[in-house]
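Asks: Show me how the following folds:
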Amino acid sequence: MTVYSAISSLIKYAHENELITLEDEVFTINRICNVLKIDTYVPEQSKDASLEEILKTLLDYAVEKEIIEDSIAYRDLFDTRIMDCLLPRPSEVINKFNADYKISPETATSNYYKFSRASDYIRTYRIVKDKKWIVSSDYGDIDITINLSKPEKDPKAIAAAKNAPKSDIKYPACLLCKENEGYAGRMDHPARNNHRIIPINLRNEKFFLQYSPYVYYNEHCIVLSSEHKPMVIDRKCFEKLLDFVEIFPHYFVGSNADLPIVGGSILAHEHFQGGCYEFAMAKAPIETFYVFEGYEDVTAGIVKWPMSVIRLSGKDKTKIAELVEKILNSWRFYTDESAYIYAETDGEKHNTITPIARMRDGNFELDLVLRNNITTKEYPDGKYHAHPEYHHLKKENIGLIEVMGLAVLPSRLLAEMGTLKNAILSNTDISSIPETAKHETWANMLKEKYCFTAENIDKIIEDEIGIVFVKILENCGVYERNEEGKNAFLRFCKSV
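Replies: Model (predicted):
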């Protein structure tokens, strides 16, 4: 494919995905040519090619003409400039979203999600490389994913970022700031030329709706504050979540906790995550109902889930928010030494909540996951965190998405599991291989449990990874899943 046929193919792609009309065609071609430093356009027949193939041809041309260096980072910065040539201004995207919303909230989000994929902001040809499977458990079907779609930084990018001139002003302040919309990017910050966001109002505060570029599930969205301000779990947070599901009743939305270890990776910018997907936790039933005095019209109870979850449900979102505030305020200062729950040690606060909201059968529903980030000599990474025996599979924080039942596992696991399977089948010493040595204890346990064959090893390894993830979730539960833990949980409920 020549550079001219690639441009023709990209124009065809833009028409097929309703990014441009016939009236936009010449204008768009000229914009693309300008980015590629082409003075004269020679029309050629378009090819039947994927977007990935089309962009590769254009990027190869840019490398050949020394417009960019040949590295993943420089290519990712450049191809967003190319895709931006096809896209409308933010106001047009917003107007389209608002017109679609008048038809239905589902129409608005579905079309916006389609646009975010067509614009290559969500790189679908990378997302399909992610490894995904489902594992059955006592708590329902658990989702597992090994995310491979986020590219690793190459040495050239790392060196360029290190040598780039430093500024006293960091712009955008973080990856979630509204200033990312249309930003060209740099070696230490991804390009967002092809990024468009939708303004929404939550509790009289301006927020924006966008999708995650590395979607973990259907219509994985991010709801970000217009201000760069820290995450806070308080009554306003709960009210904003309930507002959001009232605006988009087909979506769930939740917030990471506001403390290290039990929080998300970005605590400096208030944001929520949601989407059109039902996780195992949402399907899990209440196993012990509880009536909070004065809130008899709010259905409440303990959810059958590996972590410690209180579910509230009712018609009146103000009443629910009021009760949640009482629960949070009680939990912030709650200590139960017999259950090893301490509200604070040496002035450091430990208790917080991971909240998740949804609409169900016309009711507002709010799940409150009790979190505690205390560390001990035995568990320096967190007592209510993945325990050391499971760090060979996952050591990172258990945030909102994983709380709900989707394991996001490190990309290293794909290669490590491939090497481990070969070692097991060939009866090779696992400890002698650097990539698999960390998995030795776990693998030896599996060899005692199963008779491995080439036909069954993939399924066994996948199921056992799921079993470990459920154990990690149980580690993160502040109350154990037994009678003693249940009684301690109910003591807290009574304290509210």
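
Asks: only C-alpha atoms for contact and neighbour calcs from this point on.
Replies: Fine.

Asks: secondary structure class for the closest residue to residue 299 other than its chain neighbours?
Replies: Counting by C-alpha to C-alpha, 6 or more residues apart in numbering, residue 299 lies nearest to residue 313, which is 5.1 Å off, once chain neighbours are set aside. Under the three-state scheme (DSSP: H, G, I helix; E, B strand; the rest coil), residue 313 adopts strand.

Asks: Quick check: residue 313 touching residue 320?
Replies: Yes. In this structure, residue 313 is within contact of residue 320 by C-alpha atoms under 8 Å, at 7.4 Å.

Asks: and for the two, which residues touch both?
Replies: By C-alpha atoms under 8 Å, 6 or more residues apart in numbering, residue 313 and residue 320 have these common neighbours: residue 298.

Asks: Would you map out the domains in the chain?
Replies: For the chain, the structural domains run 3-67, 413-476, going by automatic domain parsing.

Asks: Identify the residue nearest the geometric centre of the protein.
Replies: residue 216 (5.7 Å; C-alpha atoms, centre = their mean).

Asks: so how far is residue 227 from that residue?
Replies: 25 Å (C-alpha to C-alpha, to the nearest Å).

Asks: Could you do residue 328 as well?
Replies: Residue 328 is 24 Å from residue 227, by C-alpha to C-alpha.

Asks: higher neighbour count, those two?
Replies: residue 328 (20 against 14; other C-alpha atoms under 10 Å).

Asks: Which parts of the stretch 101-250 of the chain are strands?
Replies: 131-137, 140-146, 198-202, 205-211, 221-225 (DSSP state E, counting those that start in this stretch).

Asks: Can you say which of those is packed in most?
Replies: Among these, ranked by average contacts under mean count of other C-alpha atoms under 10 Å, first place goes to strand 221-225 (a mean of 24).

Asks: And it, what does it pack against?
Replies: strand 205-211, strand 271-275 (3 or more C-alpha pairs under 8 Å, 6 or more residues apart in numbering; DSSP states H and E).

Asks: Listing partners with orientation, what would you give for the first one?
Replies: Strand 205-211 has these partner strands in its sheet, going by DSSP bridges: strand 198-202 (antiparallel), strand 221-225 (antiparallel).

Asks: Contacts for the first one, please.
Replies: Where contact means C-alpha under 8 Å, 6+ apart, the residues beyond strand 198-202 that reach it are 93, 94, 97, 206, 207, 208, 209, 210, 240, 243, 244.

Asks: Straight-line length of stretch 13-22, end to end?
Replies: 13 Å.

Asks: Go through that stretch and flag the buried ones.
Replies: For stretch 13-22, the neighbour count (16 or more other C-alpha atoms under 10 Å) marks 13, 14, 15, 19, 20 as buried.

Asks: For those, give me JSON lines that also has distance to residue 113, secondary structure and pLDDT.
Replies: Converted to JSON lines, the buried residues of stretch 13-22 look like this (distance: C-alpha to C-alpha, whole Å; DSSP: H, G, I helix; E, B strand; the rest coil; pLDDT from 0 to 100):
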{"residue": "13", "distance to residue 113": "17", "secondary structure": "helix", "pLDDT": "98"}
{"residue": "14", "distance to residue 113": "16", "secondary structure": "helix", "pLDDT": "98"}
{"residue": "15", "distance to residue 113": "17", "secondary structure": "helix", "pLDDT": "97"}
{"residue": "19", "distance to residue 113": "13", "secondary structure": "coil", "pLDDT": "98"}
{"residue": "20", "distance to residue 113": "17", "secondary structure": "coil", "pLDDT": "97"}
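
Asks: which stretches of this protein have low pLDDT?
Replies: Scanning the chain for pLDDT under 70 picks out the ranges 150-167.

Asks: Flag every buried residue along the longest helix seen in the chain.
Replies: The longest helix of the chain (DSSP state H) is helix 457-476. Within helix 457-476, the residues scored as buried using 16+ other C-alpha under 10 Å are 457, 461-463, 465-476.

Asks: residues making contact with the helix or strand following it?
Replies: Note on helix 457-476: by DSSP states H and E, the next helix or strand toward the C-terminus is helix 483-495. Residues from elsewhere that reach helix 483-495 (C-alpha under 8 Å, 6+ apart): 290, 292, 327, 330, 331, 334, 339, 479, 480.

Asks: Fine, thanks again, bye for now.
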